[in-house]
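[1] I'd like to go over a predicted model; first the sequence, then the structure.
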Amino acid sequence: MTLTSKQRAYLKSLASELEPVFQIGKATVTPEIIEAISETFNTHELVKITVLKNCTEDVTNAAIKVSERTRSELVQVIGRKFVLYKPFKDEPKIILPKVKKEK
């Protein structure tokens, strides 16, 4: 699933009100962090994560790694935070703007 710029902007607006759910610290991206974030996607479609200053890994690299391993979409990286989106399989609560088909 690839997000359009309109869908990404919509998700960014929703994420602006969210508080970070996880913090990635000195240990960087561990299998335990990945598992915990994956479990969070059972109850949340949009997740904000903070990368602490003592983390040795670059914020963007950490965000891409977590996104790939949790099979979610990276919505944005801003400062030391990033936002991931993964819709519920059965009934998504966040309805994304429709993609216009070209003629």
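    Here it is on my side, so go on.
[2] quick one, grab the pLDDT at the most centrally placed residue in the chain.
    Closest to where the C-alpha atoms of the chain average out (CA atoms, centre = their mean) is residue 84, at 0.8 Å. Residue 84 carries a pLDDT score of 97 in this model.
[3] same question, residue 101
    So residue 101 comes in at 63 (pLDDT).
[4] residues touching the residue nearest to the centre of the chain, list them.
    37, 46-47, 49, 63, 66-67, 70, 72-75 (CB atoms under 8 Å, 6 or more residues apart in numbering). Bear in mind the C-beta positions are built from the backbone N, C-alpha and C, glycine included.
[5] among these, which are located in strands?
    46-47, 49, 73-75 (DSSP state E).
[6] pick out the most distant pair among those.
    49 and 73 (13.5 Å; CB to CB).
[7] neighbour-wise, which of those two wins?
    Shown here are residue 49 and residue 73; by other CB atoms under 10 Å, residue 49 has more neighbours (21 against 18).
[8] chain neighbours aside, what residue packs nearest to the more buried one?
    residue 22 (4.6 Å; CB to CB, 6 or more residues apart in numbering).
[9] and that neighbour, how many neighbours?
    16.
[10] which of the ones in strands among the contacts of residue 84 sits closest to residue 91?
    residue 46 (15.3 Å).
[11] do you know how far the closest one is from residue 26?
    From residue 46 over to residue 26 the distance is 26 Å, taken as CB to CB, to the nearest Å.
[12] what about the two, which has more around it?
    residue 46 (22 against 9).
[13] any idea how far that one is from residue 53?
    24 Å.
[14] per-residue pLDDT, residue 56?
    90.
[15] looking at this, it is in a helix?
    No - assessed with DSSP: H, G, I helix; E, B strand; the rest coil, residue 56 is coil; it does not lie in a helix.
[16] show me where pLDDT drops low in the protein?
    1, 101-103 (pLDDT under 70).
[17] in it, mark out all the strands, start to finish.
    22-24, 46-51, 73-78, 81-85.
[18] no more questions from me, cheers.
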